[in-house]
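1. quick one: sequence plus predicted model below, questions after.
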Amino acid sequence: MQYNENAIIKVSLDQVKRTKQLQTYSCCRCVNDVTLYKSSVTLLYLNKCCFALDSDIPVYLKKYSYNMTIIYYLLHIPTLLLFLLIISLGAIIAGLSTLFFCKYVNVKILRSHNEVTGFLFLAIASFYAFLLSFIVFMVWGQLNETRGNVSKEGSSAMGLYRDIKFYPDTVEAKQLMIVYLDFIYNVVDEEFPNMEQMKPSLKTPESFDRVFYKMEHLNPKNQFQIQLVAEMFNHLNQLATYRGLRVTSIEKEIPPPLWWPMILGAIITIFCSMLLDIEHTGMHVALNALLGVFIGMIFFIILLLDHPYSGSLSIQPKSYKEIFTMEKWANDHHEEKSIQIK
């Protein structure tokens with residue numbers, strides 16, 4: 001691997017998205033050489049750092065790029081279509097199974113045991129309903145907890161933005177603001193899209209570390225500025241805490257072993273319903289198909305609630321985007337005042 005230590009790359013916000021073939025790696029000395037310049041339209045990123053081609057990225061980092069599960073693709077199907085697919089699959093499986101069962105099994109033998117079979121079906125269906133309700137409440141609680149943490153993270157980010165914006169030392173505040181906006185941009189443009197794809201972020205942790213580094217090297221000149229820096233660190237630590245909770249929440253999806261009893265319970269419940277003796281075969285098939293539809297509906301709800309950053313219920317970085325809006329308003333207002341003075 002060959003590095004160009006004197007490389008200086010200038011990219012705009014739009015160009016960053018197109019520079020997929022180049023990955024930036026920080027070394028221990030890179031933080032001292034990071035300089036960011038911001039204009040009204042462009043964020044120029046000048047990093048005197050080490051660069052490596054995508055082919056040189058370690059394997060343990062590359063593997064995340066191919067971590068595309070079936071669930072990820074399912075969640076990107078339009079919600080209504082996904083709902084119809086899941087309930088249709090449940091209805092087809094339950095209906096066809098019942099049809100073949102009634103066709104090839106001697107129902108005359110089963111008719112004498114209909115009362116016992118009905119009691120057994122009621123008991124199994126009740127236990128299975130309890131299992132599904134437990135899973136639904138569990139994922140619903142996790143979704144609300146995740147939304148709460150993201151909301152608190154956004155509040156901390158907004159508070160830190162205001163602290164930096166109105167810090168008395170304008171020179172240090174501008175330098176810190178540029179680094180902080182770079183972190184905000186990476187959260188919106190890279191981290192949340194990666195979480196939607198169930199992948200970790202590579203750039204955002206580095207930009208967040210630069211915010212810590214820049215804030216640690218602030219030079220407060222009086223007691224008032226010392227108190228302000230302490231409050232800024234308080235907001236920054238809160239932001240780090242809630243961001244950590246958000247990043248780890250992507251691992252809180254239902255583990256595969258827990259899906260096994262749900263699927264097995266669905267099979268057992270449908271099989272017990274097939275054992276019931278109903279004289280009209282068409283009615284029997286229709287009732288079991290409706291049972292499959294109901295089970296498919298519960299699976300659809302669990303699938304959506306279990307992935308808070310994907311699908312139609314995905315959590316969005318609204319507070320981070322509002323920071324960019326506030327910064328744009330502040331820049332526009334500053335430009336208007338400058339024009340009026342001239």
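-> That came through fine. Numbers count the residues shown, from 1 in each chain.

2. every contact and neighbour count from this point should use C-alpha atoms.
-> Fine.

3. per the record, what domains does this protein have?
-> 1-60, 67-333 (automatic domain parsing).

4. for the chain, just list every one of the strands.
-> 22-25, 34-38, 43-47, 50-53 (DSSP state E).

5. hmm, back to that, any idea which of the domains of the chain scores lowest on pLDDT?
-> Here these differ in mean pLDDT, and the lowest is domain 1-60 at a mean of 34.

6. where along the stretch 51-200 of the chain do the helices fall?
-> Along the stretch 51-200 of the chain, the segments classed as helices by DSSP state H, counting those that start in this stretch run 59-62, 70-75, 79-104, 107-111, 114-165, 170-186, 192-196.

7. ok, now which ones touch the residue nearest the centre of the chain?
-> Taking C-alpha atoms, centre = their mean, the centroid of the chain lies closest to Y309, which sits 2.8 Å from it. Contacts for Y309 (C-alpha atoms under 8 Å, 6 or more residues apart in numbering) come out as 192, 195-196, 250, 315-316.

8. and the furthest pair within those residues?
-> Taking every pair in the contacts of Y309 and measuring C-alpha to C-alpha, the maximum separation is 13.9 Å, between I250 and Q316.

9. identify the residues contacting K152.
-> Applying C-alpha under 8 Å, 6+ apart, the residues near K152 are Y242.

10. hmm, I typed the wrong one, I wanted G90.
-> For G90, the contact set (C-alpha under 8 Å, 6+ apart) comprises 289, 292-293, 295-296.

11. Y128 too?
-> Y128 neighbours (C-alpha under 8 Å, 6+ apart): 262, 265-266, 269.

12. which among those gets closest to M158?
-> The nearest one, if we look at the contacts of Y128 relative to M158 and count by C-alpha to C-alpha, is M262, at 42.0 Å.

13. so that closest one sits right up against L132, yeah?
-> Yes. If you go by C-alpha atoms under 8 Å, M262 and L132 touch, sitting 7.3 Å apart.

14. was I right about F208 contacting F183?
-> Yes. Counting by C-alpha under 8 Å, F183 is a contact partner of F208 at 5.7 Å.

15. ok, now how distant is L176 from Y185?
-> 14 Å (C-alpha to C-alpha, to the nearest Å).

16. comparing these two, which residue is more hemmed in?
-> L176 (24 against 20; other C-alpha atoms under 10 Å).

17. could you count how many residues lie near the closest residue to the more buried one other than its chain neighbours?
-> Among residues not flanking L176 along the chain, K214 sits closest, at 6.1 Å (C-alpha to C-alpha, 6 or more residues apart in numbering). Look at K214: counted by other C-alpha under 10 Å, it has 19 neighbours.

18. can you check the one 3 residues further on too?
-> Using other C-alpha under 10 Å, H217 has 10 neighbouring residues.

19. measure it to S249 for me?
-> Taking C-alpha to C-alpha, one finds H217 at 32 Å from S249.

20. cool, L304 as well?
-> When L304 is compared with S249 (using C-alpha to C-alpha), they lie 15 Å apart.

21. neighbour count winner among those two?
-> Legend: neighbour count by other C-alpha under 10 Å for L304 and S249, higher for L304 (22 against 19).

22. pretty sure the more buried one sits against H76.
-> No. Using C-alpha under 8 Å, L304 is not in contact with H76; the gap is 10.8 Å.

23. number of nearby residues for the closest residue to L89 other than its chain neighbours?
-> For L89, ignoring the flanking residues on the chain, the nearest one in space by C-alpha to C-alpha, 6+ apart is G296 at 7.6 Å. Using other C-alpha under 10 Å, G296 has 22 neighbouring residues.

24. now do the one 5 residues further on
-> Residues near I301, counting by other C-alpha under 10 Å, number 14.

25. excluding its backbone neighbours, what's nearest it?
-> The spatially closest residue to I301, leaving aside those adjacent along the chain, is V136, at 7.5 Å (C-alpha to C-alpha, 6+ apart).
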